[in-house]
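Engineer: sequence unknown, structure follows:
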(Lines give C-alpha, C1' and ligand atoms only; values in the text may rest on other atoms or scores of the structure.)
Protein backbone atom coordinates (compact mmCIF):
# COMPACT_ATOMS: atom_id res chain seq x y z
CA UNK A 1 0.00 0.00 0.00
CA UNK A 2 1.28 3.48 -0.82
CA UNK A 3 2.19 5.76 2.09
CA UNK A 4 -0.84 7.23 3.85
CA UNK A 5 -0.70 11.03 3.38
CA UNK A 6 -1.75 11.93 6.91
CA UNK A 7 -0.72 9.08 9.15
CA UNK A 8 -1.21 8.63 12.86
CA UNK A 9 1.76 7.70 15.05
CA UNK A 10 1.47 4.04 16.01
CA UNK A 11 1.91 3.58 19.76
CA UNK A 12 1.29 -0.17 19.88
CA UNK A 13 0.43 -3.12 17.65
CA UNK A 14 -1.11 -6.14 19.31
CA UNK A 15 -3.45 -9.06 18.79
CA UNK A 16 -6.48 -9.63 20.98
CA UNK A 17 -7.49 -13.24 21.63
CA UNK A 18 -10.77 -14.42 23.12
CA UNK A 19 -10.41 -15.85 26.63
CA UNK A 20 -8.77 -19.30 26.36
CA UNK A 21 -11.07 -20.74 29.04
CA UNK A 22 -14.16 -19.65 27.09
CA UNK A 23 -13.22 -19.93 23.42
CA UNK A 24 -13.94 -23.16 21.61
CA UNK A 25 -13.16 -24.05 18.03
CA UNK A 26 -15.84 -22.86 15.64
CA UNK A 27 -16.05 -23.63 11.94
CA UNK A 28 -18.85 -22.25 9.79
CA UNK A 29 -19.41 -22.86 6.08
CA UNK A 30 -19.57 -19.83 3.82
CA UNK A 31 -23.03 -19.85 2.27
CA UNK A 32 -24.01 -18.20 -1.01
CA UNK A 33 -24.83 -15.05 0.95
CA UNK A 34 -21.17 -14.91 2.05
CA UNK A 35 -19.52 -16.23 -1.11
CA UNK A 36 -20.90 -13.25 -3.04
CA UNK A 37 -18.58 -10.95 -1.05
CA UNK A 38 -15.48 -13.13 -1.07
CA UNK A 39 -13.50 -10.85 -3.41
CA UNK A 40 -15.07 -7.53 -2.38
CA UNK A 41 -12.90 -4.76 -0.95
CA UNK A 42 -12.67 -4.54 2.88
CA UNK A 43 -15.39 -2.59 4.66
CA UNK A 44 -14.05 0.33 6.72
CA UNK A 45 -15.98 2.26 9.35
CA UNK A 46 -14.87 5.07 11.63
CA UNK A 47 -16.56 6.33 14.79
CA UNK A 48 -15.25 9.63 16.17
CA UNK A 49 -16.01 10.57 19.78
CA UNK A 50 -15.87 14.01 21.38
CA UNK A 51 -14.04 12.76 24.47
CA UNK A 52 -11.12 15.00 25.47
CA UNK A 53 -8.49 13.08 27.42
CA UNK A 54 -4.75 13.22 27.96
CA UNK A 55 -2.29 10.71 26.52
CA UNK A 56 -1.62 9.27 29.97
CA UNK A 57 -5.34 8.85 30.69
CA UNK A 58 -5.76 7.26 27.28
CA UNK A 59 -2.92 4.74 27.69
CA UNK A 60 -3.42 3.96 31.38
CA UNK A 61 -7.22 3.85 31.63
CA UNK A 62 -9.06 4.00 28.30
CA UNK A 63 -6.99 1.51 26.26
CA UNK A 64 -6.69 -1.23 28.94
CA UNK A 65 -10.43 -1.12 29.51
CA UNK A 66 -11.15 -1.29 25.77
CA UNK A 67 -8.80 -4.27 25.43
CA UNK A 68 -10.46 -6.14 28.27
CA UNK A 69 -13.97 -5.42 26.98
CA UNK A 70 -12.85 -6.46 23.49
CA UNK A 71 -11.70 -9.84 24.85
CA UNK A 72 -15.09 -10.34 26.51
CA UNK A 73 -16.91 -9.32 23.33
CA UNK A 74 -14.85 -11.59 21.07
CA UNK A 75 -15.77 -14.48 23.39
CA UNK A 76 -19.24 -14.16 21.83
CA UNK A 77 -18.06 -13.21 18.31
CA UNK A 78 -15.46 -15.91 17.68
CA UNK A 79 -15.60 -15.72 13.85
CA UNK A 80 -14.26 -12.16 14.03
CA UNK A 81 -11.14 -13.40 15.83
CA UNK A 82 -10.78 -16.22 13.32
CA UNK A 83 -10.08 -16.36 9.60
CA UNK A 84 -11.60 -17.28 6.28
CA UNK A 85 -9.90 -20.37 4.94
CA UNK A 86 -9.76 -20.57 1.15
CA UNK A 87 -8.74 -24.05 -0.12
CA UNK A 88 -6.58 -23.77 -3.22
CA UNK A 89 -7.33 -27.14 -4.75
CA UNK A 90 -10.92 -28.05 -3.95
CA UNK A 91 -13.73 -27.18 -1.59
CA UNK A 92 -15.74 -24.09 -0.71
CA UNK A 93 -14.09 -21.51 1.59
CA UNK A 94 -15.17 -21.50 5.23
CA UNK A 95 -14.84 -19.48 8.42
CA UNK A 96 -12.66 -21.01 11.14
CA UNK A 97 -11.70 -20.02 14.66
CA UNK A 98 -9.17 -22.11 16.57
CA UNK A 99 -7.38 -21.50 19.86
CA UNK A 100 -4.70 -18.85 19.41
CA UNK A 101 -6.53 -16.92 16.70
CA UNK A 102 -6.93 -13.21 17.32
CA UNK A 103 -8.09 -9.85 16.01
CA UNK A 104 -5.51 -7.23 15.05
CA UNK A 105 -5.50 -4.04 17.14
CA UNK A 106 -3.49 -0.84 16.63
CA UNK A 107 -3.20 1.93 19.22
CA UNK A 108 -2.32 5.26 17.62
CA UNK A 109 -2.09 9.00 18.18
CA UNK A 110 -2.97 11.77 15.74
CA UNK A 111 -2.26 15.49 16.13
CA UNK A 112 -4.75 16.64 13.51
CA UNK A 113 -7.85 18.73 14.20
CA UNK A 114 -10.67 16.29 14.95
CA UNK A 115 -13.24 19.04 14.34
CA UNK A 116 -12.04 19.32 10.75
CA UNK A 117 -12.09 15.57 10.18
CA UNK A 118 -15.61 15.21 11.58
CA UNK A 119 -17.26 18.12 9.80
CA UNK A 120 -19.82 17.90 7.02
CA UNK A 121 -17.78 20.26 4.83
CA UNK A 122 -15.54 19.05 1.97
CA UNK A 123 -12.47 17.16 3.21
CA UNK A 124 -9.71 15.43 1.26
CA UNK A 125 -10.59 11.73 1.52
CA UNK A 126 -6.98 10.72 2.20
CA UNK A 127 -7.08 12.59 5.53
CA UNK A 128 -9.12 9.88 7.26
CA UNK A 129 -6.75 7.00 6.56
CA UNK A 130 -4.49 7.62 9.53
CA UNK A 131 -7.41 6.23 11.54
CA UNK A 132 -8.33 3.32 9.25
CA UNK A 133 -6.93 -0.08 10.34
CA UNK A 134 -5.54 -2.42 7.71
CA UNK A 135 -6.32 -6.13 7.61
CA UNK A 136 -3.20 -8.25 8.14
CA UNK A 137 -1.96 -9.96 4.98
CA UNK A 138 -3.29 -13.39 4.08
CA UNK A 139 -1.08 -16.40 4.81
CA UNK A 140 -0.42 -18.75 1.91
CA UNK A 141 0.45 -22.43 2.09
CA UNK A 142 0.55 -25.15 -0.52
CA UNK A 143 -3.11 -26.05 -0.11
CA UNK A 144 -4.92 -23.03 1.36
CA UNK A 145 -4.99 -19.31 1.95
CA UNK A 146 -5.84 -18.10 5.47
CA UNK A 147 -7.45 -14.64 5.36
CA UNK A 148 -7.85 -12.43 8.49
CA UNK A 149 -11.31 -10.90 8.78
CA UNK A 150 -11.08 -8.09 11.35
CA UNK A 151 -8.70 -5.24 12.16
CA UNK A 152 -9.32 -2.55 14.77
CA UNK A 153 -7.67 0.75 15.62
CA UNK A 154 -8.05 3.11 18.58
CA UNK A 155 -6.69 6.57 17.76
CA UNK A 156 -6.20 9.32 20.31
CA UNK A 157 -6.56 12.96 19.36
CA UNK A 158 -4.97 14.42 22.53
CA UNK A 159 -7.34 16.64 24.51
CA UNK A 160 -9.86 16.40 21.66
CA UNK A 161 -11.31 12.93 21.29
CA UNK A 162 -10.96 9.32 20.23
CA UNK A 163 -11.61 7.47 16.98
CA UNK A 164 -12.48 3.78 16.76
CA UNK A 165 -11.70 2.22 13.39
CA UNK A 166 -13.19 -1.05 12.15
CA UNK A 167 -12.10 -2.91 9.02
CA UNK A 168 -13.69 -6.24 8.17
CA UNK A 169 -13.74 -8.72 5.33
CA UNK A 170 -17.26 -8.51 3.89
CA UNK A 171 -17.55 -12.29 3.51
CA UNK A 172 -17.50 -12.72 7.32
CA UNK A 173 -20.59 -10.60 7.90
CA UNK A 174 -22.86 -7.89 6.56
CA UNK A 175 -23.57 -4.52 8.18
CA UNK A 176 -26.23 -6.03 10.45
CA UNK A 177 -23.65 -8.45 11.91
CA UNK A 178 -20.77 -5.97 12.21
CA UNK A 179 -22.94 -3.22 13.73
CA UNK A 180 -24.17 -5.83 16.24
CA UNK A 181 -20.52 -6.47 17.17
CA UNK A 182 -19.79 -2.73 17.47
CA UNK A 183 -22.80 -2.26 19.74
CA UNK A 184 -21.86 -5.34 21.78
CA UNK A 185 -18.31 -4.07 22.38
CA UNK A 186 -19.73 -0.70 23.40
CA UNK A 187 -22.14 -2.34 25.84
CA UNK A 188 -19.44 -4.48 27.47
CA UNK A 189 -17.11 -1.47 27.78
CA UNK A 190 -19.76 0.84 29.21
CA UNK A 191 -21.30 -1.61 31.66
CA UNK A 192 -18.10 -3.44 32.69
CA UNK A 193 -19.16 -6.86 31.53
CA UNK A 194 -21.44 -8.83 29.23
CA UNK A 195 -24.52 -9.09 31.49
CA UNK A 196 -26.22 -6.16 29.74
CA UNK A 197 -25.14 -7.58 26.40
CA UNK A 198 -27.00 -10.81 27.15
CA UNK A 199 -29.97 -8.95 28.63
CA UNK A 200 -30.30 -6.77 25.51
CA UNK A 201 -30.16 -9.86 23.25
CA UNK A 202 -27.13 -8.63 21.32
CA UNK A 203 -25.56 -12.10 21.18
CA UNK A 204 -25.04 -13.49 17.65
CA UNK A 205 -26.82 -16.55 16.23
CA UNK A 206 -24.62 -18.97 14.26
CA UNK A 207 -26.75 -22.02 13.39
CA UNK A 208 -26.22 -22.56 9.65
CA UNK A 209 -28.66 -25.49 9.63
CA UNK A 210 -31.43 -22.90 9.99
CA UNK A 211 -30.62 -21.60 6.50
CA UNK A 212 -32.58 -23.40 3.79
CA UNK A 213 -31.03 -23.73 0.31
CA UNK A 214 -33.40 -25.82 -1.83
CA UNK A 215 -32.15 -24.25 -5.07
CA UNK A 216 -28.51 -25.18 -4.46
CA UNK A 217 -27.40 -21.54 -4.50
CA UNK A 218 -24.26 -22.28 -2.48
CA UNK A 219 -22.86 -24.47 -5.27
CA UNK A 220 -24.10 -22.18 -8.05
CA UNK A 221 -22.41 -19.13 -6.52
CA UNK A 222 -19.15 -20.91 -5.73
CA UNK A 223 -18.88 -22.36 -9.23
CA UNK A 224 -19.17 -18.82 -10.58
CA UNK A 225 -16.94 -17.11 -8.04
CA UNK A 226 -14.02 -19.54 -8.07
CA UNK A 227 -13.31 -18.70 -11.70
CA UNK A 228 -13.33 -14.96 -11.23
CA UNK A 229 -10.17 -13.58 -9.60
CA UNK A 230 -7.47 -13.67 -6.91
CA UNK A 231 -8.37 -14.17 -3.26
CA UNK A 232 -7.08 -10.80 -1.97
CA UNK A 233 -8.35 -7.33 -2.83
CA UNK A 234 -5.77 -4.94 -4.29
CA UNK A 235 -4.25 -2.46 -1.80
CA UNK A 236 -5.45 1.12 -1.57
CA UNK A 237 -3.36 3.55 -3.60
CA UNK A 238 -2.83 7.16 -2.56
CA UNK A 239 -3.57 9.87 -3.40
CA UNK A 240 -7.21 8.93 -3.86
CA UNK A 241 -7.94 12.21 -5.66
CA UNK A 242 -11.30 12.36 -3.95
CA UNK A 243 -13.13 14.71 -1.62
CA UNK A 244 -15.75 13.54 0.85
CA UNK A 245 -18.72 15.47 2.12
CA UNK A 246 -21.77 14.80 4.31
CA UNK A 247 -25.31 15.85 3.42
CA UNK A 248 -28.31 15.85 5.74
CA UNK A 249 -31.97 15.25 5.01
CA UNK A 250 -34.24 16.29 7.89
CA UNK A 251 -37.56 14.63 8.62
CA UNK A 252 -39.29 17.62 6.97
CA UNK A 253 -37.11 17.29 3.87
CA UNK A 254 -37.98 13.62 3.58
CA UNK A 255 -41.70 14.27 4.00
CA UNK A 256 -41.62 16.97 1.32
CA UNK A 257 -39.83 14.59 -1.04
CA UNK A 258 -42.47 11.93 -0.37
CA UNK A 259 -45.25 14.44 -0.94
CA UNK A 260 -43.78 15.53 -4.25
CA UNK A 261 -43.97 11.92 -5.46
CA UNK A 262 -47.44 11.30 -4.06
CA UNK A 263 -48.80 14.41 -5.76
CA UNK A 264 -47.87 12.85 -9.10
CA UNK A 265 -48.28 9.17 -8.19
CA UNK A 266 -50.86 8.99 -5.35
CA UNK A 267 -51.12 5.21 -5.65
CA UNK A 268 -47.47 4.67 -4.69
CA UNK A 269 -46.14 3.69 -1.27
CA UNK A 270 -42.99 5.74 -0.80
CA UNK A 271 -40.33 5.18 1.85
CA UNK A 272 -37.64 7.51 3.19
CA UNK A 273 -35.04 5.17 1.67
CA UNK A 274 -36.67 5.42 -1.77
CA UNK A 275 -36.80 9.22 -1.94
CA UNK A 276 -33.30 9.59 -0.49
CA UNK A 277 -31.77 7.24 -3.07
CA UNK A 278 -33.77 8.86 -5.85
CA UNK A 279 -32.68 12.38 -4.94
CA UNK A 280 -28.98 11.51 -4.68
CA UNK A 281 -29.11 9.45 -7.89
CA UNK A 282 -30.68 12.32 -9.85
CA UNK A 283 -28.36 14.98 -8.40
CA UNK A 284 -25.32 12.88 -9.28
CA UNK A 285 -26.57 12.42 -12.84
CA UNK A 286 -27.05 16.17 -13.19
CA UNK A 287 -23.62 16.85 -11.64
CA UNK A 288 -21.84 14.68 -14.20
CA UNK A 289 -19.17 16.91 -15.84
CA UNK A 290 -18.60 14.69 -18.86
CA UNK A 291 -20.91 14.40 -21.86
CA UNK A 292 -23.14 11.33 -21.48
CA UNK A 293 -25.66 10.19 -24.09
CA UNK A 294 -29.30 10.49 -23.05
CA UNK A 295 -29.89 6.82 -23.79
CA UNK A 296 -26.93 5.66 -21.67
CA UNK A 297 -28.24 3.22 -18.98
CA UNK A 298 -27.98 4.29 -15.35
CA UNK A 299 -28.12 1.70 -12.54
CA UNK A 300 -28.65 1.93 -8.80
CA UNK A 301 -27.78 -1.17 -6.77
CA UNK A 302 -28.40 -1.88 -3.12
CA UNK A 303 -28.79 -4.79 -0.74
CA UNK A 304 -31.84 -5.73 1.31
CA UNK A 305 -31.73 -7.77 4.52
CA UNK A 306 -33.27 -11.19 3.96
CA UNK A 307 -33.37 -12.45 7.56
CA UNK A 308 -36.99 -11.75 8.35
CA UNK A 309 -38.22 -12.46 4.81
CA UNK A 310 -36.96 -16.00 4.33
CA UNK A 311 -39.19 -19.03 4.68
CA UNK A 312 -38.64 -19.94 7.47
CA UNK A 313 -37.24 -16.58 8.67
CA UNK A 314 -33.87 -16.29 10.38
CA UNK A 315 -33.42 -14.47 13.70
CA UNK A 316 -32.34 -10.83 13.48
CA UNK A 317 -29.20 -11.89 15.37
CA UNK A 318 -28.10 -14.30 12.61
CA UNK A 319 -24.36 -13.68 12.14
CA UNK A 320 -22.97 -13.64 8.64
CA UNK A 321 -24.27 -12.20 5.40
CA UNK A 322 -27.94 -12.47 4.54
CA UNK A 323 -28.65 -10.01 1.75
CA UNK A 324 -30.68 -9.86 -1.44
CA UNK A 325 -29.55 -7.73 -4.37
CA UNK A 326 -31.84 -5.06 -5.73
CA UNK A 327 -31.22 -3.25 -9.03
CA UNK A 328 -33.03 -0.12 -10.20
CA UNK A 329 -32.39 1.19 -13.71
CA UNK A 330 -33.15 4.19 -15.88
CA UNK A 331 -31.32 6.27 -18.47
CA UNK A 332 -29.11 9.33 -18.11
CA UNK A 333 -31.53 11.50 -20.08
CA UNK A 334 -34.53 10.56 -17.95
CA UNK A 335 -32.69 11.19 -14.68
CA UNK A 336 -31.48 14.62 -15.87
CA UNK A 337 -34.91 15.59 -17.16
CA UNK A 338 -37.49 17.75 -15.41
CA UNK A 339 -39.22 14.65 -14.02
CA UNK A 340 -35.95 12.96 -13.09
CA UNK A 341 -36.75 12.68 -9.37
CA UNK A 342 -40.17 11.11 -10.03
CA UNK A 343 -38.62 8.70 -12.56
CA UNK A 344 -35.88 7.73 -10.10
CA UNK A 345 -38.29 7.26 -7.20
CA UNK A 346 -40.52 5.04 -9.34
CA UNK A 347 -37.55 3.00 -10.49
CA UNK A 348 -36.25 2.45 -6.94
CA UNK A 349 -39.74 1.67 -5.66
CA UNK A 350 -40.48 -0.81 -8.44
CA UNK A 351 -37.12 -2.56 -8.02
CA UNK A 352 -37.76 -2.89 -4.28
CA UNK A 353 -41.25 -4.25 -4.91
CA UNK A 354 -39.95 -6.74 -7.48
CA UNK A 355 -37.35 -8.25 -5.13
CA UNK A 356 -38.11 -7.50 -1.48
CA UNK A 357 -41.88 -7.95 -1.76
CA UNK A 358 -41.81 -10.66 -4.44
CA UNK A 359 -44.76 -13.03 -3.97
CA UNK A 360 -42.48 -15.95 -4.79
CA UNK A 361 -40.05 -14.92 -2.08
CA UNK A 362 -37.13 -12.53 -1.76
CA UNK A 363 -34.72 -15.07 -3.32
CA UNK A 364 -36.71 -15.47 -6.52
CA UNK A 365 -34.17 -15.29 -9.33
CA UNK A 366 -31.20 -15.29 -6.93
CA UNK A 367 -29.38 -17.86 -9.06
CA UNK A 368 -28.94 -15.12 -11.66
CA UNK A 369 -27.79 -12.29 -9.38
CA UNK A 370 -24.01 -12.83 -9.69
CA UNK A 371 -24.18 -12.78 -13.49
CA UNK A 372 -26.63 -9.84 -13.57
CA UNK A 373 -24.50 -7.69 -11.31
CA UNK A 374 -21.30 -8.81 -12.99
CA UNK A 375 -22.61 -7.28 -16.20
CA UNK A 376 -22.82 -3.89 -14.46
CA UNK A 377 -19.06 -3.62 -13.94
CA UNK A 378 -17.82 -0.69 -15.97
CA UNK A 379 -21.35 0.68 -16.36
CA UNK A 380 -22.79 3.81 -14.77
CA UNK A 381 -23.54 2.17 -11.42
CA UNK A 382 -24.42 3.98 -8.20
CA UNK A 383 -24.62 1.99 -4.96
CA UNK A 384 -25.80 2.35 -1.38
CA UNK A 385 -23.66 1.34 1.62
CA UNK A 386 -25.57 1.23 4.87
CA UNK A 387 -29.20 1.66 5.77
CA UNK A 388 -31.54 3.94 7.73
CA UNK A 389 -31.99 0.98 10.07
CA UNK A 390 -28.46 1.25 11.43
CA UNK A 391 -28.18 3.76 14.25
CA UNK A 392 -24.44 4.00 14.77
CA UNK A 393 -25.02 7.26 16.58
CA UNK A 394 -26.71 5.23 19.31
CA UNK A 395 -23.44 3.46 20.13
CA UNK A 396 -22.02 4.45 23.53
CA UNK A 397 -18.71 3.12 24.90
CA UNK A 398 -19.20 5.15 28.07
CA UNK A 399 -18.12 8.44 26.49
CA UNK A 400 -21.48 9.50 25.03
CA UNK A 401 -22.66 8.95 21.48
CA UNK A 402 -20.30 9.40 18.52
CA UNK A 403 -19.60 12.84 17.13
CA UNK A 404 -19.35 11.48 13.57
CA UNK A 405 -19.62 8.27 11.61
CA UNK A 406 -17.63 7.92 8.41
CA UNK A 407 -17.67 5.06 5.92
CA UNK A 408 -14.14 5.07 4.51
CA UNK A 409 -15.10 2.22 2.17
CA UNK A 410 -17.02 4.49 -0.18
CA UNK A 411 -13.68 5.86 -1.38
CA UNK A 412 -13.21 2.53 -3.13
CA UNK A 413 -16.35 2.52 -5.27
CA UNK A 414 -19.28 4.67 -6.42
CA UNK A 415 -21.55 4.15 -3.42
CA UNK A 416 -22.98 6.60 -0.96
CA UNK A 417 -23.06 5.86 2.76
CA UNK A 418 -26.42 6.10 4.51
CA UNK A 419 -27.36 6.07 8.19
CA UNK A 420 -29.64 7.76 10.69
CA UNK A 421 -28.83 11.39 11.38
CA UNK A 422 -27.05 12.28 14.60
CA UNK A 423 -28.65 15.67 15.13
CA UNK A 424 -32.06 15.47 13.43
CA UNK A 425 -34.66 13.03 14.72
CA UNK A 426 -36.13 11.18 11.79
CA UNK A 427 -33.42 12.54 9.48
CA UNK A 428 -30.80 10.75 7.40
CA UNK A 429 -27.10 11.32 6.84
CA UNK A 430 -25.59 10.82 3.39
CA UNK A 431 -21.86 10.46 2.76
CA UNK A 432 -20.34 10.92 -0.69
CA UNK A 433 -16.78 10.60 -2.00
CA UNK A 434 -16.12 12.00 -5.46
CA UNK A 435 -13.89 14.47 -7.26
CA UNK A 436 -14.10 18.01 -5.93
CA UNK A 437 -15.66 19.21 -9.18
CA UNK A 438 -18.49 16.66 -9.03
CA UNK A 439 -19.17 17.22 -5.32
CA UNK A 440 -19.33 21.00 -5.71
CA UNK A 441 -21.85 20.61 -8.54
CA UNK A 442 -23.79 17.98 -6.57
CA UNK A 443 -24.01 20.21 -3.49
CA UNK A 444 -25.44 23.11 -5.49
CA UNK A 445 -28.04 20.91 -7.24
CA UNK A 446 -28.96 19.08 -4.00
CA UNK A 447 -29.47 22.33 -2.08
CA UNK A 448 -31.42 23.95 -4.91
CA UNK A 449 -33.77 20.98 -5.21
CA UNK A 450 -34.55 20.95 -1.48
CA UNK A 451 -35.13 24.72 -1.46
CA UNK A 452 -37.70 24.38 -4.25
CA UNK A 453 -39.81 21.81 -2.37
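Structural biologist: Structure's in. What do you need? Everything quoted here is computed from the prediction, not taken from an experiment.

Engineer: point out where the stretch 351-453 of the chain drops to low pLDDT.
Structural biologist: Per-residue confidence for the stretch 351-453 of the chain (pLDDT under 70) gives no ranges below the cut-off.

Engineer: can you map out the strands along it?
Structural biologist: 380-386, 404-407, 415-420, 428-434 (DSSP state E, counting those that start in this stretch).

Engineer: want to throw those into JSON lines with mean neighbour count and distance to residue 449?
Structural biologist: All C-beta spots, glycine's among them, are computed from the backbone N, C-alpha and C. Listed next are the strands of the stretch 351-453 of the chain as JSON lines, based on neighbours: other CB atoms under 10 Å; distance: least, CB to CB, whole Å:
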{"stretch": "strand 380-386", "mean neighbour count": "20", "distance to residue 449": "17"}
{"stretch": "strand 404-407", "mean neighbour count": "24", "distance to residue 449": "23"}
{"stretch": "strand 415-420", "mean neighbour count": "22", "distance to residue 449": "16"}
{"stretch": "strand 428-434", "mean neighbour count": "23", "distance to residue 449": "13"}
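
Engineer: got TSV for those, with distance to residue 48 too?
Structural biologist: Shown next, in TSV, are these (distance: least, CB to CB, whole Å):
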stretch	distance to residue 48
strand 380-386	16
strand 404-407	4
strand 415-420	14
strand 428-434	13
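
Engineer: how many residues are close by residue 88?
Structural biologist: A total of 12 residues lie near residue 88 under the criterion other CB atoms under 10 Å.

Engineer: now residue 320: how far from residue 177?
Structural biologist: 6 Å (CB to CB, to the nearest Å).

Engineer: who has more neighbours, those two?
Structural biologist: Shown here are residue 320 and residue 177; by other CB under 10 Å, residue 320 has more neighbours (26 against 22).

Engineer: where does the more buried one land in three-state SS?
Structural biologist: Secondary structure, DSSP: H, G, I helix; E, B strand; the rest coil: residue 320 is coil.

Engineer: and it, what is it in contact with?
Structural biologist: Residues in contact with residue 320 (CB atoms under 8 Å, 6 or more residues apart in numbering) are 28, 31, 33, 34, 172, 173, 174, 177, 206, 208.

Engineer: and if we set it to 6 Å?
Structural biologist: For residue 320, the contacting residues are 34, 173, by CB atoms under 6 Å, 6 or more residues apart in numbering.

Engineer: need phi/psi at it.
Structural biologist: phi 140, psi -160 (degrees, to the nearest 10).

Engineer: and for residue 376, the neighbour number?
Structural biologist: Neighbour count of residue 376, defined by other CB under 10 Å: 15.

Engineer: pull the contacting residues for it.
Structural biologist: Contacts for residue 376 (CB under 6 Å, 6+ apart) come out as residue 299.

Engineer: how many residues are close by residue 330?
Structural biologist: Around residue 330 there are 22 residues (other CB under 10 Å).

Engineer: pretty sure it sits against residue 300.
Structural biologist: No. Taking contacts as CB atoms under 6 Å, residue 330 lies outside contact range of residue 300: 8.1 Å.

Engineer: follow-up on the earlier one: wait, which of the strands of the stretch 351-453 of the chain is closest to residue 248?
Structural biologist: Proximity to residue 248 (CB to CB) singles out strand 428-434 among the strands of the stretch 351-453 of the chain, at 5.9 Å.

Engineer: who's in contact with that closest one?
Structural biologist: For strand 428-434, the surrounding residues in contact (CB under 6 Å, 6+ apart) are 125, 242, 244-249, 276, 388, 407, 410-411, 416-417, 419, 421.

Engineer: how close does residue 261 get to residue 209?
Structural biologist: Separation of residue 261 from residue 209 (CB to CB): 43 Å.

Engineer: compare those two (neighbour count), which wins?
Structural biologist: Neighbour count, other CB under 10 Å: between residue 261 and residue 209, residue 261 has more, with 20 against 5.

Engineer: tell me which helix or strand that one sits in.
Structural biologist: Using DSSP states H and E, residue 261 maps to helix 251-264.

Engineer: what helices or strands is the next helix or strand after that helix leaning on?
Structural biologist: Downstream of helix 251-264, the next assigned helix or strand under DSSP H and E is helix 272-287. If you count contacts as 3 or more CB pairs under 6 Å, 6 or more residues apart in numbering; DSSP states H and E, helix 272-287 packs onto helix 251-264, helix 332-336, helix 340-355, helix 436-452.

Engineer: out of the ones you listed, which gets nearest to residue 118?
Structural biologist: Using CB to CB, the nearest of the helices and strands packed on helix 272-287 to residue 118 is helix 436-452, at 17.5 Å.

Engineer: what comes up buried for that closest one?
Structural biologist: Across helix 436-452, burial judged by 16 or more other CB atoms under 10 Å covers 438, 439, 441, 442, 443, 445, 446, 449, 450.

Engineer: what of stretch 281-290?
Structural biologist: Result for stretch 281-290 [16+ other CB under 10 Å]: buried residues 281, 282, 283, 284, 285, 286, 287, 288.

Engineer: now what about stretch 341-354, what contacts it?
Structural biologist: 261, 264, 274-275, 277-278, 281-282, 326-328, 330, 334-335.

Engineer: can you check stretch 190-201 too?
Structural biologist: Here stretch 190-201 has contacts from 72, 184, 187, 188, 396, 397, 398, using CB under 6 Å, 6+ apart.

Engineer: do stretch 42-56 as well
Structural biologist: Contacts of stretch 42-56 (CB under 6 Å, 6+ apart): 118, 131-132, 135, 158-168, 170, 399, 402-409.
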